[in-house]
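1. Model the structure of this input:
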Amino acid sequence: MNIGEIAKRAGVSRSTVSYALSGKRPVSAATAQRINDVIAELGYRPNASARALAEGRTRTFGLVIPPASTRLTDVQLAFVASVVEAAAVHDHDVLLSPSGGDHDRSFERIVTGRRVDGVILMEILLQDRRVERLTSAGLPFVTIGHVEDPAASWWVDVDYAGLITRCVRHLADLGHSDVVLINRSDELVAAGYGPALRAATAFAETARECGIQAHTVCCADEPAAGVACFEDIRARWPEVTAAVTINEAALPGVQRALHSAGLAVPRDFSLTGVIADRLAEDFHPPLTAADVPAGDMARLAVDLLLEQIGDPSAAPRHSMLAPSITLRSSTGARRGA
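-> Numbers count the residues shown, from 1 in each chain. Coordinates of the predicted model:
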């Protein structure tokens, strides 16, 4: 069944049916009703390419992910899957494109190739040239994380500063007086990765307010680095009895290092942070953590992008999420406190 048959049965032109389906031009209520009745009778559903052509859109979003050489974390994988699901609800597809490293051409094709209606951009830096490029191209976009001037763009983020503050206070309440932040990699911090910088600042400020000693280490996003990082912490600061982390990729290595050192969690060492809920549950013992709401972030990002595509003149909007900290079994009172 096609538009021509619908037009014939409704007694209108093919263009009138097209206008009624796309909404590009007004159609009288009586005519629209007649067309809708025929559509309902025939069970017609326009295919995606025809609908996209009629609307002047691709019905595709670009999702710009970290470089292909980088192993995606649990939170990142959950976010990608949730974006695909949320887009499908609105009859949209998702085109994945890596950026950074040797992938500048891939990102540029997303911007200039007219293959997408808008872009969702992951792993945002405080000064991010990709944001500047999308802004100059006039392509609708939503960032996961925000640049230094958060009022200038559409974004969804997690309140890393607030969550790290709560984690430190939780450890201070348990009597821990020497704590360490296991941050993301040196490269990300040096590049100006927003969550890592905001986490480090909040960690240091909150520890100072609580009157406890604070140390910070950067750790590559992989389990082997987690082992080496924890061994380095033990060698440099043996008095440390608790850690906060936002580096979930290194967490399995940290767990192995704790076991190798003969440290029981939480009897000998407490651990908390901002982590994907599945990884927190799989940790032994289950990790007290703020669970990153990847699904909620994805749905909000898709909704904001659709809003922006539908109304290019709309003022930028954003959403800052602050999930609760789930108390599990990885934090306890400092021994002797």
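2. Only the buried residues of stretch 203-216, if you could.
-> By neighbour count with 16 or more other C-beta atoms under 10 Å, stretch 203-216 contains the buried residues 203, 204, 206, 207, 210, 212, 214, 215, 216. Backbone N, C-alpha and C define where each C-beta goes, glycine included.
3. Which two of these have the greatest separation?
-> Greatest spacing in those, by C-beta to C-beta: 210 and 216 (15.4 Å).
4. Mind checking which of the buried residues of stretch 203-216 land in helices?
-> Within the buried residues of stretch 203-216, residues falling in helices by DSSP state H are 203, 204, 206, 207, 210.
5. How much space separates the closest residue to the last one other than its chain neighbours from residue 277?
-> When the adjacent residues along the chain are set aside, residue 210 lies closest to residue 172, with 4.0 Å between them (C-beta to C-beta, 6 or more residues apart in numbering). Residue 172 sits 24 Å away from residue 277, taking C-beta to C-beta, to the nearest Å as the criterion.
6. Next: residue 97.
-> Applying C-beta to C-beta to residue 97 and residue 277 gives a distance of 27 Å.
7. Equivalent analysis for residue 95, please.
-> Residue 95 is 28 Å from residue 277, where distance means C-beta to C-beta.
8. what about residue 5, how many residues close to it?
-> Residues lying near residue 5 (other C-beta atoms under 10 Å) number 14.
9. quick one: what helix or strand has it in it?
-> Assigned by DSSP states H and E, residue 5 belongs to helix 3-10.
10. Ok, residue 307 next?
-> Following DSSP H and E, one finds residue 307 within helix 294-310.
11. For that helix, which helices and strands make contact with it?
-> When contacts are defined as 3 or more C-beta pairs under 8 Å, 6 or more residues apart in numbering; DSSP states H and E, helix 294-310 packs onto helix 74-89, strand 118-121, strand 141-144, strand 155-158, strand 318-321.
12. okay, now residue 168: neighbour count?
-> Here the number of neighbours of residue 168 (other C-beta under 10 Å) works out to 27.
13. cool, residue 88 as well?
-> 12.
14. Quick one: find the helix or strand in the chain with the lowest mean pLDDT.
-> Each helix and strand of the chain was given a mean pLDDT (mean pLDDT, DSSP states H and E); the minimum falls on helix 48-55 at a mean of 53.
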